[in-house]
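J.: 3D model of this:
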Amino acid sequence: MKIWNEKAETLTGAELNAVQSARLKETVERIWAAGTPYRARMEEAGLVPQDIGGIEDLDKLPFSRKKDFRDSYPLGMLVVPMEKVVRLHASSGTTGSRTIVGYTAGDLDTWAELVARFATAAGVVASDVAQISFTYGLFTGGFGLHYGLERVGATVIPASGGNTEMQLSLINDLSTSVLVATPTYALHIAEVGAAHGFDFEASSLRVGLFGAEPWSEGIRKKIESSTGISATDNYGLSEVVGPGVSGECERKHGMHIAEDHFAAEIIDPATGRRLPDGQQGELVLTTLTREAMPVVRFRTGDLSVIERGPCECGRRNARMSKVLGRTDDMLIIRGVNVYPTQVEKALLEIQGIEPHFLILLDRKGELDALDIWVEVSEGVFSDDTRVMRQFAQKVESHLKSTLNIGSHVSLKEPNTLERGAGKAKHIVDKREV
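T.: So this is what the prediction gives:
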């Protein structure tokens, strides 16, 4: 298996420590000199740059959050003059108001390098034809993957999102071998293709680079069984760089973190205390090479686990698990903590359930009411209400035993819940209205 940058992707021990330490010190000094809101946070903590001798001092530094970007909107987090900024992107705004991020020419070069790494790890080579079905625009996904795949040498089709029949036509006509999309849109492409008689087994598709939303192993199996491609996960967020923080290799034993560019920690989201490797918590990232908008100890809100040790692919970087949910996605229902990813995992353990669902929360009197709409496969759906209610009760029983909470399940015909090229929406919480 090829490694794009063998020196960087096999750094470990003292050598990695030296690289991270030098880059962390430089990053902190640049932020301090620019007088960004983070400098005030350091001053409140009684810190100056000289207090940070290396990566071992990282946890002395205060956290930063998405709120810092919003409070300094639009560009108060910049540490370079505006004339050095060559690109602006923005977050999707799915968890709040939009945040703006800037990139220097050096940042864009680094970004392409990072994407080239995880694309190569997933099996992409120069002879591939890559179809990007992410929406192009302020969202970082489309452009991030575009330039990284071009750096690998692949031919890029900037298809953008939507118009699924066109996507299938492009795959067929241009011999697309790499599909870039959200995992839910990849499933939708598979559904539409099946309805139109598209022969995925005979197609040129072989690798999928999927990200931008949490997705389970059950979703991976659905994508791979319906399209015949190797579905890999990658991770990033706009406040840090966009896609490129980490990505799976062909072994799929976690996403390799680009540790020469990012220092990754896992913390207890309630206390902020750093957790040891192997324990689930909130992922915290520090950029080590970002020029325009570096961030220190950025609380991503994403739940993950970090493991260390060499991988069979030859890379020695730390690996993070698939995102297991978000701290702000956690639902408290009658005193029980529930994440949408837990619901998805439990549902996909039942034969005949499709990977499309919607959680609806309301309040009846003083009690929370949990309704779950879920699609079932063609072979399961029936006009016989008695048969359908028995199957729904089976699903409810499984959810009860798995999540320790009661629910009412409504079974829906295939292809009735909303689809889209962007991030899937799984929660409607009417309790907040």
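
J.: burial of Arg431, as a residue count?
T.: 11 (other Cβ atoms under 10 Å). Where you see a C-beta, it was placed from the backbone N, CA and C, and this is true even at glycine.

J.: Check the offset of the helix or strand Ala112 falls within from the chain's centre.
T.: Taking DSSP states H and E as the definition, one finds Ala112 inside helix 105-122. Its chain's C-alpha centre and that of helix 105-122 lie 16 Å apart, by Cα atoms, centre = their mean, to the nearest Å.

J.: for stretch 133-145, same thing?
T.: That offset, for stretch 133-145, works out to 13 Å (Cα atoms, centre = their mean).

J.: May I see the buried residues of it?
T.: In terms of neighbour count (16 or more other Cβ atoms under 10 Å), stretch 133-145 has its buried residues at 133-135, 138-145.

J.: out of these, what pair is the most spread apart?
T.: Ser133 and Leu138 (17.0 Å; Cβ to Cβ).

J.: and Thr287, how many residues sit next to it?
T.: Other residues lying near Thr287 total 23 when counted by other Cβ under 10 Å.

J.: check contacts around the closest residue to it other than its chain neighbours.
T.: Nearest non-adjacent residue to Thr287, counting by Cβ to Cβ, 6 or more residues apart in numbering: Pro294, 4.8 Å away. Taking Cβ atoms under 8 Å, 6 or more residues apart in numbering as the criterion, Pro294 is in contact with 27, 30-31, 79, 287.

J.: can you tell me which of these are in helices?
T.: Among these, the members falling in helices (DSSP state H) are 27, 30-31.

J.: Now render these as CSV, adding pLDDT, neighbour count and distance to Met255.
T.: Supplementary listing: the ones in helices among the contacts of Pro294 in CSV, determined by pLDDT from 0 to 100; neighbours: other Cβ atoms under 10 Å; distance: Cβ to Cβ, whole Å:
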residue, pLDDT, neighbour count, distance to Met255
Thr27, 98, 23, 23
Arg30, 98, 16, 28
Ile31, 97, 23, 27
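
J.: would you turn the residues you listed into a markdown table with distance to Asp260?
T.: Formatted as a markdown table, these follow (distance: Cβ to Cβ, whole Å):
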| residue | distance to Asp260 |
| --- | --- |
| Thr27 | 13 |
| Arg30 | 17 |
| Ile31 | 19 |
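
J.: so which of these comes closest to Val395?
T.: Looking across these and measuring by Cβ to Cβ, the closest to Val395 is Thr27, at 49.1 Å.

J.: ok, now how distant is the nearest residue to the closest one once chain neighbours are set aside from Val152?
T.: Of all residues not flanking Thr27 in the chain, Pro294 sits nearest, at 4.9 Å (Cβ to Cβ, 6+ apart). Applying Cβ to Cβ, to the nearest Å, the value for Pro294 to Val152 is 26 Å.

J.: Which strands and helices lie in contact with the helix or strand harbouring Ala130?
T.: Taking DSSP H and E as the criterion, Ala130 maps to strand 129-132. The contact analysis (3 or more Cβ pairs under 8 Å, 6 or more residues apart in numbering; DSSP states H and E) places strand 129-132 against helix 140-152, strand 155-157, helix 164-174, strand 178-181.

J.: End to end on stretch 1-13, go ahead and measure it.
T.: Across its full length, stretch 1-13 reaches 23 Å between end residues, using Cα to Cα, to the nearest Å.

J.: contact partners of it?
T.: 19, 113, 116-117, 119-121, 123, 125, 152, 249-250, 256, 258-260, 313-317.

J.: now do 6 Å
T.: Applying Cβ atoms under 6 Å, 6 or more residues apart in numbering, the external contacts of stretch 1-13 come out as 116-117, 120, 250, 260, 313-317.

J.: Of those residues, grab the buried ones for PyMOL.
T.: Restricted to buried positions by 16+ other Cβ under 10 Å, the PyMOL selection for the contacts of stretch 1-13 reads:
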select buried, resi 116+117+120+260+313+315+316+317
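
J.: Max pairwise distance over the contacts of stretch 1-13: which two?
T.: Among the contacts of stretch 1-13, Glu250 and Asp260 lie farthest apart (Cβ to Cβ), at 21.5 Å.

J.: returning to that earlier point: check the gap between the residue nearest to Thr287 and Trp32 for me.
T.: The gap separating Pro294 from Trp32 is 11 Å, by Cβ to Cβ.

J.: SS state for the nearest residue to His408 once chain neighbours are set aside?
T.: Nearest residue to His408, sequence neighbours excluded (Cβ to Cβ, 6+ apart): Asp371, at 5.0 Å. Three-state assignment for Asp371 (DSSP: H, G, I helix; E, B strand; the rest coil): strand.

J.: tell me what the helix or strand harbouring Asp362 is packed against?
T.: Per DSSP H and E: Asp362 is located in strand 353-364. Helices and strands touching strand 353-364, by 3 or more Cβ pairs under 6 Å, 6 or more residues apart in numbering; DSSP states H and E, are strand 367-376, strand 427-429.
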